[in-house]
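K.L.:
Coordinates for the following, if possible.
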Amino acid sequence: MERKRRGKRLFQELFISFGLSIAMILAIFILGEQALYLLTDSAFGTHGRLSIPTLGIDVAVYNAEGQNSQAIVDKTDSAAFIRWKEQNAIVDHRSQSFYLLPEAIPGVTTACLVTPFYTDYYVCTYSGTGKIIYGENHMCKFVDDQGEAVNLANQGGICMYTCQSEMINSEVSVYVTYWRLSSIDPLHFLEKVLSL
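P.N.:
Purely as a prediction, here's the structure:
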């Protein structure tokens, strides 16, 4: 029963993500340059739009490079895209779009990041807690519940996180999820789900 429910959930996520990709391609094909204007409007951030249907996450993603990421996440329908050396991160408030992020299931939950130029599909590989420890001069240490530095733990992937609590004694508890690009071909994936 559990396997069938997981299969149905994966099929729903893929169907919605695939539909978003087709809509993007059609918009660019039909509207040409106007599509780029529409895609950078409020519906899409400067980096695109993140969708995790099973968690109810659907949020515009804005590039935080050279920007105040806190100001980005404070806005409604707005998550921050942060580039680290080893991986990238998408951050938002738990009270906004990332409320159900802690319920991501490794190996099951999928995400779709749609940009004006490409669509990437991700699968969750880790869901846990972590903490940001602030020190002198605003330097900080960001570790997951395994004690690994978050910016190094998922090299080549993407990290999504949101605060779990307010700052207490220079520490903030966070929910951390790691995601990797999905290597499953959509057609093969559908065959696999339908065979359950």
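K.L.:
Any stretches of the chain with poor pLDDT?
P.N.:
For the chain, the stretches with pLDDT under 70 are 1-43, 135-139, 166-170, 183-196.
K.L.:
Which residue ranges of it form strands?
P.N.:
48-52, 57-63, 79-83, 88-91, 110-114, 119-134, 140-144, 158-163, 171-181 (DSSP state E).
K.L.:
okay if I get those strands as TSV plus distance to residue 72 and mean neighbour count?
P.N.:
Any C-beta I mention is one placed from the backbone N, CA and C, and that applies to glycine too. Formatted as TSV, the strands of the chain follow (distance: least, CB to CB, whole Å; neighbours: other CB atoms under 10 Å):
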stretch	distance to residue 72	mean neighbour count
strand 48-52	13	24
strand 57-63	5	20
strand 79-83	4	21
strand 88-91	8	22
strand 110-114	16	24
strand 119-134	17	18
strand 140-144	18	17
strand 158-163	13	22
strand 171-181	17	20
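K.L.:
now those as a markdown table including distance to residue 102?
P.N.:
Below are those laid out as a markdown table (distance: least, CB to CB, whole Å):
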| stretch | distance to residue 102 |
| --- | --- |
| strand 48-52 | 12 |
| strand 57-63 | 12 |
| strand 79-83 | 16 |
| strand 88-91 | 14 |
| strand 110-114 | 14 |
| strand 119-134 | 7 |
| strand 140-144 | 13 |
| strand 158-163 | 8 |
| strand 171-181 | 4 |
